[in-house]
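A.B. asks: let me see the structure of the following:
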Amino acid sequence: MALKVYYDFMSQPCRALYIFLKLNKIPFEHKLVALRKGEHMGEDFKKVSPISRVPVIDDDGFVLTESVAILKYLAAKHNVPDHWYPRNDIKAQARVDEFMNYQHLSTRINMAMLFQNLTIIPRMRNKPVDWKKVESFRKGVGITVDQIDKHFLKDNRPFLAGDNMSIADILGICEVMQLYACCEERFIESNPTVNAWAERLKPKLAPYFEESNVVVYKVREHFLKNPPTQPKL
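C.D. replies: Here you go, the predicted structure:
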């Protein structure tokens with residue numbers, strides 16, 4: 001039975017999982033879940049995942065939620081190249097885990113919430129942008145980018161966990177793209193180390209990086225045409 005993958009490209013972890021599957025030629029059945037239509041909150045999807053989040057996989061009856069757990073499971077089951085999630089080097093594996101644990105309350109929350117507060121939340125609530133929250137998450141993004149520079153990419157590391165691209169990098173770059181979607185990419189571009197990492201990584205993920213970010217580019221295009229106006233102090 002084919003691996004079933006429930007996903008939507010609106011979700012950063014879904015994009016990361018999709019890129020990983022495609023690069024490693026792991027066959028799967030596409031199960032699209034339209035987040036914008038609220039399908040993840042419907043009763044049909046809750047039968048698959050009661051927590052109502054994507055991505056989710058169903059591997060012949062073995063249902064797994066949470067992107068980090070999914071990526072580690074698939075890396076092990078399909079014996080993918082070792083650089084994705086090192087099997088025989090406990091320290092190298094720990095470096096990948098280090099970023100994947102760190103990202104939940106850093107890249108994941110700050111970049112996602114900056115994006116949401118500039119685009120999705122005002123539209124959903126039909127209210128002006130809460131600029132106080134925006135500035136708070138901008139501050140968080142700045143701190144996060146600085147930490148990635150000084151810790152995860154220190155000593156001229158080309159990738160987040162060392163000399164080789166790993167699943168940590170895919171998760172990281174997909175979060176970074178949320179900044180691009182709401183025209184806040186200056187945080188990356190102004191940091192030479194982090195910007196070089198992003199530009200180094202993108203070609204290695206081709207063509208699936210561009211393919212999975214189609215929604216991001218559409219959101220950015222709309223945002224450029226309808227930018228929120230920040231009041232002058």
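A.B. asks: every contact and neighbour count from this point should use C-alpha atoms.
C.D. replies: Will do.
A.B. asks: contacts for the helix or strand of the chain with the lowest mean pLDDT?
C.D. replies: Lowest by mean pLDDT, DSSP states H and E among the helices and strands of the chain is helix 120-125, with a mean of 88. Among residues not part of helix 120-125, those counted as contacts by Cα atoms under 8 Å, 6 or more residues apart in numbering are 128-130.
A.B. asks: could I get it in PDB with only the CA atoms?
C.D. replies: Output of helix 120-125 as PDB, limited to C-alpha atoms (Å, rounded to 0.1, in the frame of the first residue of the first chain):
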ATOM      1  CA  ILE A 120      -3.700  36.200   7.400                       C
ATOM      2  CA  ILE A 121      -4.900  37.400  10.800                       C
ATOM      3  CA  PRO A 122      -6.000  40.900   9.700                       C
ATOM      4  CA  ARG A 123      -7.900  39.400   6.800                       C
ATOM      5  CA  MET A 124      -9.600  36.700   8.900                       C
ATOM      6  CA  ARG A 125     -10.600  39.100  11.600                       C
END
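A.B. asks: whichever helix in the chain runs longest: how far from the chain's middle?
C.D. replies: Determined from DSSP state H, the single longest helix within the chain is helix 131-147. Distance of helix 131-147 from its chain centroid, counting by Cα atoms, centre = their mean, to the nearest Å, is 17 Å.
A.B. asks: which residues of the protein fall in helices?
C.D. replies: 12-23, 43-46, 67-77, 90-102, 112-118, 120-125, 131-147, 167-181, 186-189, 192-201, 208-212, 214-225.
A.B. asks: coming back round to it: report the angle between the longest helix of the chain and helix 90-102.
C.D. replies: Put simply, helix 131-147 runs at 170 degrees to helix 90-102, going by axes from the mean of the first three to the mean of the last three Cα atoms, to 10 degrees.
A.B. asks: tell me the mean pLDDT for helix 131-147?
C.D. replies: For helix 131-147, mean pLDDT is 97.
A.B. asks: list the contacts of it.
C.D. replies: Against helix 131-147 from outside (Cα under 8 Å, 6+ apart): 106-107, 110-111, 113-114, 117-118, 187-188, 191, 194, 230.
A.B. asks: between those, which is nearest residue 74?
C.D. replies: residue 107 (23.0 Å; Cα to Cα).
A.B. asks: count of residues packed around the closest residue to residue 173 other than its chain neighbours?
C.D. replies: Excluding the flanking residues, the one nearest residue 173 by Cα to Cα, 6 or more residues apart in numbering is residue 198, at 6.6 Å. For residue 198, the neighbour count with other Cα atoms under 10 Å is 20.
A.B. asks: what's the answer for residue 219, then?
C.D. replies: Neighbour tally, residue 219, other Cα under 10 Å: 18.
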